[in-house]
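Asks: Give me the fold of what follows.
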Amino acid sequence: MQKTTRRDLLQLSGAAYLGTLFGGPFPLKALAQTATQSADAQHDYSGWEQLYRDKWSWDKKTRGAHLINCTGACPHWVYSKNGIVIREEASKDMPALAGVPEYNPRGCNKGACGTDYLYGPHRVKYPLIRTGARGEGKWRRASWDEALGIIATKILDTIRDHAVDCISVYSPVPAVAPVSFSAGHRFANLTGAHVHTFFDWYGDHPTGQTQTCGVQGDTAETADWFNAKLVMLWGSSPAVTRIPDAHFLSEAALNGTRVVSITPDYNPSTIKADTWIHPKPGTDTALALGFAHVIIRDKLVDLANVKEQTDLPYLVRSDNKRFLREADVVEGGSPAKFYIWDAKTKKAVIAKGCWGEEPPGGRPALQPPFLGRNTLTFPDGTIALGDLDPALEGSFKVTLKDGKSVDVKPVYALYAERILRDYTPKKVSEITGVAEKTIVDVAKAYGSVKPAMIVSGGGTNHWYWSDIEIRAFHLLSSLTGNEGKNGGGVNHYIGQWKPVAAPGVLALSFPLTPARQRFAQTTIWTYVHADAYDAMETVGIDTRKYLRASLEQRMMPIFPREGRDPKVFIVYRGNFLNQAKGQKYVLQNLWPKLDLIVNLNLRMDSMALYSDIVLPAAHWYEKLDLNMTEEHTFINMTEPATPPMHESKHDWDVFALLAKKVQDLAVQRGMSRVFDEQFNLSRDFSTLYAQQTDNGKLETAEQAAQFILDNAPATKGMTLDMIRERPQRFKANWTSPIKEGVPYVPFQFYTANKKPWPTLTGRQQFYIDHDWFLEMGVELPVYKPPVDADAFPLRFNTPHSRHAIHSTFKDNVLMLRLQRGGPVLEMPPGEAKSRSLRDNDWAEVWNDHGRMICRVKIHNREPEGRVTMTHTPELYMDLIEGSTQSVCPIRINPTSLVGNYGHLVFRPNYYGPGGTQRDARVQVRRFTGVVPT
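Replies: So this is what the prediction gives:
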């Protein structure tokens, strides 16, 4: 057979490519009947037979992973022949854990066609410079030297004419591809540019878990679903969004686990559930508190767990609604030590492990970025009660340091009274539409069956009041003693990539340390610089008042400082514009402020389309990188099956080249030294390339990957060759130990080892006595109805798609063939009929924030009063105008702007405002304008 080169491939397409690849001219007679053949004549398909035989032969097999934000981290084999990737398949070699089904094979419909972006028409082949308007799609080809020269020049111009903090670098999710992520962040750290948060910005960060537990977000690996006796899928559909893990749920059900699905629509996971509860959209907190009512009323509470593990025994003053603090009682006392009432001694006693207590040897210098504080150095047993018996009920008098007395009550007494009064099954039924009997039956099951688990997702996490919902979920888990146990707890899965090897990633990303890095909180950054309108004044919430206070008091950051505008925006590994809520405001107000928008990308997506310079990035199968997730505890990798095609390059190489270009131009222009006032630091641009590559020690992606492994306790001792041989299990994890053969579950350092929780109170904290929480009436998790700031009749729902990973694969032909072939708005029959809309009609969707024009799909599963569209179709797809983000404003909850309350403090992707798109409301009507033919 004649050997096909990679150059040949670039000149071939379609049948010609297949025929050359698999042995000779393609037999066209196999495709059509000749004029001389009868209608029933046997076709000659022999060419296809050989085609499929040859597809299962190869000359090279390499490790592959799909470096996108899907949280699957599915190890694959990539097969290539004659330098051409033929296909990919799940590697099926993940080690097994004891007593639970195995992870193998691990993959999905998207991963199975990863090669489409390698050879498809979407591919960015060489540097492009815009020649028309942004978004017009007019480009000219450029060399790498020219493109990097323009970027470097604009960076130096911006530093000279404005300030170094006017340069912005955005890239999401380090865990998916930590080497690639670190490349641009390292460049930013060395030059002084600001980088962005991401978990919060696109709505993946579980703010309520941070408020309650003091962690960024931690959850059980999905194999632990099998250990549950009851699973409540709450706003989560694993059959759609967790395809590689959905089998654990099915296998648990076959093993006797009861599955309860809580979702307004009858989704693909509900089909496999034993019970379907369909509350009105946005009423989940009321339902959770209805469950809590039954659990408290029927005495199903695990009192020992509540007393030891939560702040529910802590005393609250009746006069000001604050915790009783040591500073209130003792002269010179700590404002961060809190009291319980000991029922045995009839005295107020300071609880062990509070924020104001130091561990033996003092507070450690190392602060894990995913914890509110480092309590891991406290001795085991610190929060164990010993002889103490904290009271949960009653009212007591305490003498303050000024001699006056004050009445105090435990949080539990205050909260239980409210839950028993305001959240009866009858009242909750009226709010949610769920039958009283169902509320009682499910609550009793959850309170009686051990272990019981809550699996939550975007269905609950994307609401304005999502933080309260997750706080209420944790309340249920704590009342029943399910936290920190295999098969139990609150497990939050919504794109929450978990970089377990975080210390290594941080060391690689920030050679000058994170303390000398500017971090922009992306939701705030976009809200401010896009001058976004949120309409929240219509429901009595003045967002800008709270935001102004937060920024002035430096509780949350804003860059650039001093009212300056960003000027250079470099985006890589992310489709920022396509994911941007308030998209109209971004394009109208933010985009004109930017002198240069740069996108490093493997495909021409919406962000690339609206950029000034697009640089070609290497595909997942053309680069070396690591890959990890929270859904399992194994690290895998990808490596080059072929060299980068066309003129594409690894992210690591691109930023090294950019550092070299900035260095050379800086020397030429007399800018070798740039003084950074904020950090009192003189930056040496004359050695920028040497700093970027650590004097040659980090010239290659392989060196960078090994650096990460070597500098993280969870991976220290691992080598790339070990991971090539087989995925390796982490040696350590965030809030629990890794136990041989046992699925990881979070929080065992606190529940089993009795170390303090990394919160202000040292316990799971349900009472937050910050001024703003008290003002908003959410010092406890209580029901707040959905925000109806938009005066339009239909709620707009934007779930994840089974056929895409955010915007990736949205434009993939194979995925489009599995659905309508383009984005559609799902409408219930009644809403469609009232608007004279028929299936597949074009419709206009609008509100005060923007407009979208798309096709309609009439669907019986959709509840009346709501329309649904899977989120973020590309702007150039089968849409006449706009996208899902056009009608979704940026809405900031003031509680997420707090940054001066113990564990509630800004750190990147740990705490800050996020996405709240499910409160958007729209109107829909038939589109009567010109439509594509």
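Asks: Enumerate every residue touching residue 796.
Replies: By C-beta atoms under 8 Å, 6 or more residues apart in numbering, the residues touching residue 796 are 845, 847, 866-869, 884, 887-888, 917-918, 920-922. Every C-beta, even on glycine, is put in place using the N, C-alpha and C of the backbone.
Asks: swap the cut-off to 6 Å and go again
Replies: 920, 922 (C-beta atoms under 6 Å, 6 or more residues apart in numbering).
Asks: Does it belong to a helix, a strand or coil?
Replies: Residue 796 falls in the strand class when you classify it by DSSP: H, G, I helix; E, B strand; the rest coil.
Asks: May I have the beta-bridge partners of it?
Replies: Beta-bridge pairing of residue 796 under DSSP bridges involves residue 867.
Asks: And the pLDDT at it?
Replies: For residue 796, the pLDDT comes out at 97.
Asks: ok, now residue 16?
Replies: If you check residue 16, the pLDDT there is 37.
Asks: before we move on, what about residue 44?
Replies: pLDDT, read off for residue 44, is 58.
Asks: can you give me the helices for the stretch 101-250 of the chain?
Replies: For the stretch 101-250 of the chain, the helices defined by DSSP state H, counting those that start in this stretch occupy 116-119, 144-161, 178-191, 207-213, 238-241, 246-254.
Asks: Hmm, residue 637 is touching residue 63, no?
Replies: Yes. The pair formed by residue 637 and residue 63 meets the contact definition of C-beta atoms under 6 Å, at 5.3 Å.
Asks: Can you pull the phi/psi pair for the residue most central in space within the chain?
Replies: Central residue of the chain (C-alpha atoms, centre = their mean): residue 204, 3.3 Å from the mean position. Main-chain dihedrals, residue 204, degrees, to the nearest 10: phi -90, psi -20.
Asks: Over to residue 56?
Replies: phi -100, psi 20.
Asks: about what we covered before: could I get the helices of the stretch 101-250 of the chain in JSON lines, plus columns for mean pLDDT?
Replies: Output for these, formatted as JSON lines (pLDDT from 0 to 100):
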{"stretch": "helix 116-119", "mean pLDDT": "93"}
{"stretch": "helix 144-161", "mean pLDDT": "98"}
{"stretch": "helix 178-191", "mean pLDDT": "98"}
{"stretch": "helix 207-213", "mean pLDDT": "97"}
{"stretch": "helix 238-241", "mean pLDDT": "92"}
{"stretch": "helix 246-254", "mean pLDDT": "96"}
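Asks: Nearest to residue 421 among the ones you listed would be which one?
Replies: helix 207-213 (22.8 Å; C-beta to C-beta).
Asks: What helices and strands are in contact with that closest one?
Replies: helix 466-479 (3 or more C-beta pairs under 6 Å, 6 or more residues apart in numbering; DSSP states H and E).
Asks: Touching, residue 380 and residue 752? I think so.
Replies: No. Residue 380 lies out of contact with residue 752 (C-beta under 6 Å); the separation is 8.8 Å.
Asks: Spatially nearest residue to residue 559, not counting backbone neighbours?
Replies: Leaving aside its chain neighbours, residue 559 sits nearest to residue 194 (4.1 Å; criterion: C-beta to C-beta, 6 or more residues apart in numbering).
Asks: residues in contact with the one you found?
Replies: Here residue 194 is in contact with 165, 168, 518, 520, 559 (C-beta under 6 Å, 6+ apart).
Asks: Try it again at 7 Å.
Replies: With contacts defined as C-beta atoms under 7 Å, 6 or more residues apart in numbering, residue 194 is in contact with 165, 168, 518, 519, 520, 559.
Asks: quick one: which of these is nearest residue 602?
Replies: Nearest member of these to residue 602, counting by C-beta to C-beta, is residue 168, at 21.4 Å.
Asks: Who does the closest one form a beta bridge with?
Replies: residue 194, residue 569.
Asks: Look up how far residue 191 lies from it.
Replies: 12 Å (C-beta to C-beta, to the nearest Å).
Asks: With residue 206 instead?
Replies: For residue 206, the distance to residue 191 - C-beta to C-beta - is 33 Å.
Asks: So between the two, which is more surrounded?
Replies: residue 206 (33 against 24; other C-beta atoms under 10 Å).
Asks: Please name the residues that touch that one.
Replies: 217, 461, 470, 492.
Asks: For it, which non-adjacent residue is closest in space?
Replies: Nearest one to residue 206, counting by C-beta to C-beta, 6+ apart, is residue 492 at 4.5 Å.
Asks: my guess is the one you found meets residue 209, correct?
Replies: Yes. Between residue 492 and residue 209 there is a contact under C-beta atoms under 7 Å: 6.2 Å.
Asks: Buried residues, the longest strand along the chain. List them.
Replies: As assigned by DSSP state E, the longest strand anywhere in the chain is strand 850-858. Neighbour counts over strand 850-858 (16 or more other C-beta atoms under 10 Å) mark 850, 852, 853, 854, 855, 856, 857, 858 as buried.
Asks: who does the second one bridge with?
Replies: In this structure, residue 852 bridges to residue 845 when assessed by DSSP bridges.
Asks: Which helix or strand contains residue 689?
Replies: helix 688-692 (DSSP states H and E).
Asks: What is that helix packed up against?
Replies: Contacts defined by 3 or more C-beta pairs under 7 Å, 6 or more residues apart in numbering; DSSP states H and E place helix 688-692 against helix 178-191, helix 651-668.
Asks: repeat that for 10 Å
Replies: With contacts taken as 3 or more C-beta pairs under 10 Å, 6 or more residues apart in numbering; DSSP states H and E, helix 688-692 sits against helix 178-191, helix 651-668, strand 681-684.
Asks: what's it in contact with?
Replies: With contacts defined as C-beta atoms under 10 Å, 6 or more residues apart in numbering, helix 688-692 is touched by 183, 186-187, 189-191, 511-512, 652, 655-664, 666-667, 672, 683-685, 695-696, 698-699.
Asks: quick one: the very next helix or strand once past it to chain centroid distance?
Replies: Sequence-wise, the next helix or strand downstream of helix 688-692 (DSSP H and E) is helix 701-710. In this view, helix 701-710 has its centroid 24 Å away from the chain centroid, taken as C-alpha atoms, centre = their mean, to the nearest Å.
Asks: Give me the residue ranges of the chain where confidence is low.
Replies: Residue ranges of the chain with pLDDT under 70: 1-48, 495-496.
Asks: Just list the residues touching residue 623, thanks.
Replies: Per C-beta under 10 Å, 6+ apart, neighbours of residue 623: 67, 177, 179-180, 602, 617, 638-641, 643-644, 648-653, 701.
Asks: From start to finish, how long is stretch 404-423 in a straight line?
Replies: End-to-end distance for stretch 404-423: 36 Å, by C-alpha to C-alpha, to the nearest Å.
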